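A.B. asks: Test case, fold it:
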Amino acid sequence: MAVDYVVRVQSVSVENVQVRAVEGGARLQLVNRSQREVIVLGLQGEEFLRVGPGGVEENRQSPTWFASRSINGVANGGNAAAPPEWHRVAGTPEVRWHDERARELPARAWSVPLLVDGREPGIVRGTVEAAQTPETGWWWVGGLLGAVVVGLLWRWRGALTVAAVVGGGVASVWIVQSASLAASPADGIGVQLLARLWPLVTAVGVVAAGVLLVFKRVDIVVGIAGACLAVMIGVGDSAVFRYGTLAGPGWGRVAVAAALAVGAGLAVAGAVRWYRAAGDQEAASDAGDGIKNAHVGQEK
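C.D. replies: Below you'll find the predicted structure:
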């Protein structure tokens with residue numbers, strides 16, 4: 001994921017409480033290293049999250065709790081006036097959440113109010129700023145030129161194997177590292193990997209197809225695996241070429257460009273190898289039939 005803005009945290013008024021923007025500004029992370037209870041207040045001033053030495057609790061009557069789980073950030077449930085309904089979600093004093101107050105352009109200052117030990121007010125202040133736009137066209141050009149280079153390697157099985165292992169391996173590492181960066185005490189790395197399951201399966205499948213190509217002629221399998229890699233990651237995650245802030249590792253653009261180059265190149269190379277192999281088999285079959293007919297003619 002990538003976005004066209006940067007979320008910055010300027011100050012936190014509570015001592016030994018750290019707040020930062022994570023996942024490209026998609027969520028805020030609060031870590032409470034004090035021995036005090038810190039409550040994050042929601043969009044309507046209601047108690048939303050409670051973070052203390054014993055861990056994290058969320059108020060499932062909070063409209064902000066519902067908003068933080070919707071795609072568009074709209075609160076479609078909860079009652080800000082109702083008594084809090086606390087549910088423990090983590091045993092450590094660390095929490096991440098989507099907060100509409102600190103997302104999206106236009107550029108502006110934002111704040112999130114806190115309540116410390118049930119009586120002392122606190123506040124987190126920050127800004128949303130426009131991100132610098134990357135050189136989108138050059139990333140596409142690089143990916144497509146790479147695809148041409150890989151496609152021209154169709155004659156050499158070993159070279160295609162190396163390309164598949166490298167391209168699929170880079171994509172796999174990027175996906176796993178992105179999941180690791182997005183993990184939190186409430187949503188572990190297993191949950192994050194599950195959310196990225198099909199791209200990860202595709203990347204690993206390309207590596208497997210490349211290795212298999214060493215031992216068997218599986219040209220069509222390599223071609224299909226490459227096409228899936230190019231479409232699912234190279235095109236599917238191409239937002240990283242357009243937007244300045246990445247949710248995952250800083251080298252995400254390189255990983256996506258590599259997936260596009262290797263995937264599209266393998267699709268072309270696999271198709272060419274499969275087509276030529278089919279033609280060779282047909283020619284061999286015709287030659288065999290000709291020899292057989294010649295022998296029959298001699299016998300007559």
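A.B. asks: Mind listing the residues bridging to Asn59?
C.D. replies: Beta-bridge partners for Asn59, by DSSP bridges, are Trp86.
A.B. asks: Oops, could you answer that again for Arg8 instead?
C.D. replies: Counting by DSSP bridges, the residues bridging with Arg8 are Thr127.
A.B. asks: Neighbours of it, how many?
C.D. replies: The tally of other residues near Arg8 (other C-beta atoms under 10 Å) stands at 15. Every residue, glycine included, has its C-beta placed from N, CA and C.
A.B. asks: Would you check that it makes contact with Arg20?
C.D. replies: No - look at Arg8 against Arg20 with C-beta atoms under 8 Å: they stay out of range, at 9.1 Å.
A.B. asks: ok, Leu30 - how many residues close by?
C.D. replies: Leu30: 24 neighbours (other C-beta under 10 Å).
A.B. asks: Identify the residue nearest it in space, chain neighbours excluded?
C.D. replies: Val19 (5.0 Å; C-beta to C-beta, 6 or more residues apart in numbering).
A.B. asks: wait, Val12 sits on Gly126?
C.D. replies: No - Val12 lies out of contact with Gly126 (C-beta under 8 Å); the separation is 9.4 Å.
A.B. asks: These two - which one has more neighbours?
C.D. replies: When Val12 and Gly126 are compared for neighbours, Gly126 comes out ahead with 23 against 20, by other C-beta under 10 Å.
A.B. asks: Tell me who's in contact with that one.
C.D. replies: By C-beta atoms under 8 Å, 6 or more residues apart in numbering, the contact set of Gly126 is 7-11, 21, 102, 109-111.
A.B. asks: so where is the stretch 201-300 of the chain shaky, pLDDT-wise?
C.D. replies: Confidence mapping of the stretch 201-300 of the chain against pLDDT under 70 gives the ranges 279-300.
A.B. asks: what ranges do the strands span in it?
C.D. replies: 245-246 (DSSP state E, counting those that start in this stretch).
A.B. asks: Assign a three-state SS to Ala109, would you?
C.D. replies: Using DSSP: H, G, I helix; E, B strand; the rest coil, the structure places Ala109 in strand.
A.B. asks: what's around the closest residue to it other than its chain neighbours, how many residues?
C.D. replies: Nearest non-adjacent residue to Ala109, counting by C-beta to C-beta, 6+ apart: Thr127, 5.3 Å away. Neighbour count for Thr127, taken as other C-beta under 10 Å: 15.
A.B. asks: So Thr127 versus Val201, what's the distance?
C.D. replies: Plainly put, Thr127 is 39 Å away from Val201 if you go by C-beta to C-beta, to the nearest Å.
A.B. asks: And Val173, by the same measure?
C.D. replies: 15 Å.
A.B. asks: Can you flag the buried ones in the contacts of Gly126?
C.D. replies: The neighbour-count test (16 or more other C-beta atoms under 10 Å) applied to these identifies 7, 9, 21, 102, 110 as buried.
A.B. asks: As a check, name the ranges of all helices in this structure.
C.D. replies: With DSSP state H, the ranges of helices along the chain come out as 63-67, 136-151, 157-182, 189-195, 197-215, 219-229, 239-242, 252-299.
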